[in-house]
Structure formats: C-alpha cells, structure tokens
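# Give me the fold of what follows.
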Amino acid sequence: MTKPSTRTIVALAAAGVLVVIVAVAAVVTVAVRNATTPDPVLTVYAHGKSATVAPYRYCTVAGVADSGRLNLNCRESDITVPLDPAGGPVQISLPKKLADAPWIMVREYVLPDNRTAVRDVKTYRDFEPGTLALTVPSRPDPNLRLAGIELQLVLPARDETGHEFFTPYQAWSIKTA
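Modelled structure (predicted):
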C-alpha cells in the first residue's frame, strides 16, 4: 500500500474542517431560529431596594383579521411585584423598547380610610420622548398613600360606533401598599 501524499492529507484535513464548520453553522442557525426573546422587564427602586418586574399581561400581534381587527396571542398571570417605598418615591426604569412605545401609567392612591381609591393617569405624552426613568411620589399629598402602579403598553382601538380609545396589550404591576 502506498503512503498518501502531502496533498492528499491536506485535502482530507480541509474537508474535515469544512464538515465541522458546516455542522457548527447548522447548529447555530437552528438555535438562533428557535430562541425565544425574553419578555421586557421593568426595574423598580424604592427605599434602598430594587426589584425586577415581569409583565403580568403580555400579548404579541399574530396578524390582522379581515375585519381589520388585530389578532393577539396573549398570556396572563397574577404577577404583581410588592415594593414598600416607606414614604419615599418609587423610581421605574424603562427598557428602550418600552420607552419608545405608547404607554400609560396608572397610579392608584388611597385615602386614610383605606377604602377610597384615587386614580391618577399619566401617559408617555406627559414626558420627554424616549424617557427611560420615571419617578412616582408615594405621598403627593399628606392624605394620599400610593397603593400601586400599573404600566401598560397600549394600542389605539376603535369600537363599532367609531369611538377611539387605547387598549392595553402588555402590562406590568407594582403593589406598594
């Protein structure tokens, strides 16, 4: 039997390297295609403590129906992150994806009787475009105490009568009382 030439050995080695490269590329392609994008989270801070808030309602647009309505794929949970501001403000850090989208922040306060709720709504229009941090006072008035905050990403919607409004399709909730 004859000894393989150097050229044959180099060709076989190159072929082997090429097979390994193709196999790695195929594995990476499948992994990237099947990878899920994590849900966006809020980071909240109050009274020396921070917490990560995952969405309790998260919908993605699956398409548009013949009627023009959006088809949404939604999942919901009962996740509400507790955070005690101890009279200080609550700071919320928004990821860029949320900061650049239309959002509504619902702040709920309670009176000293602990029954009467006062809702205060702010929207992305109340802040500079691209705002990445929000500060929510926990006691804007001595008689009001912050009970919770809900941040919602919204879509414009229209009902059968032509009335236009916003509807939430993603939401994060923080309980402070």
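# Give me the next element, helix or strand, following the top helix by length along the chain.
Longest helix in the chain, counting residues (DSSP state H): helix 6-34. Under the assignment DSSP states H and E, the closest C-terminal helix or strand after helix 6-34 is strand 42-46.
# relative to strand 42-46, how tilted is the following helix or strand past that next one?
For strand 42-46, the succeeding helix or strand toward the C-terminus, using DSSP H and E, is strand 49-53. For strand 49-53 against strand 42-46, the angle by axes from the mean of the first three to the mean of the last three Cα atoms, to 10 degrees is 160 degrees.
# what sits against residue 153?
Neighbour list for residue 153: 98, 101, 102, 103, 168, 169, 170, 171 [criterion: Cβ atoms under 8 Å, 6 or more residues apart in numbering]. In short, each C-beta sits where N, CA and C put it, glycine included.
# Now intersect the residues you listed with the strands, please.
Among the contacts of residue 153, the members falling in strands (DSSP state E) are 103, 168, 169, 170, 171.
# any chance of the residues you listed in a markdown table, plus neighbour count, distance to residue 136 and pLDDT?
Output for the ones in strands among the contacts of residue 153, formatted as a markdown table (neighbours: other Cβ atoms under 10 Å; distance: Cβ to Cβ, whole Å; pLDDT from 0 to 100):
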| residue | neighbour count | distance to residue 136 | pLDDT |
| --- | --- | --- | --- |
| 103 | 24 | 14 | 93 |
| 168 | 16 | 18 | 89 |
| 169 | 18 | 22 | 90 |
| 170 | 21 | 19 | 93 |
| 171 | 19 | 16 | 94 |
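# and the two most separated of those residues?
Spatial extent of these (Cβ to Cβ) is set by the pair 103 and 169 at 10.8 Å.
# Pull up the overlap in contacts between these two.
With Cβ under 8 Å, 6+ apart, residue 103 and residue 169 have common neighbours 153, 154.
# ok, longest strand in the protein?
Max-length strand for the chain by DSSP E is strand 145-158.
# Enumerate the positions of that strand that are buried.
145, 146, 147, 148, 149, 150, 151, 152, 153, 154, 155 (16 or more other Cβ atoms under 10 Å).
# in its sheet, what does it sit against?
strand 103-110 (antiparallel), strand 164-175 (antiparallel) (DSSP bridges).
# State the mean pLDDT of the longest helix of the chain.
What helix 6-34 shows for mean pLDDT is 75.
# I'd like to know which elements that helix is packed against.
Of the remaining helices and strands, none touches helix 6-34 by 3 or more Cβ pairs under 8 Å, 6 or more residues apart in numbering; DSSP states H and E.
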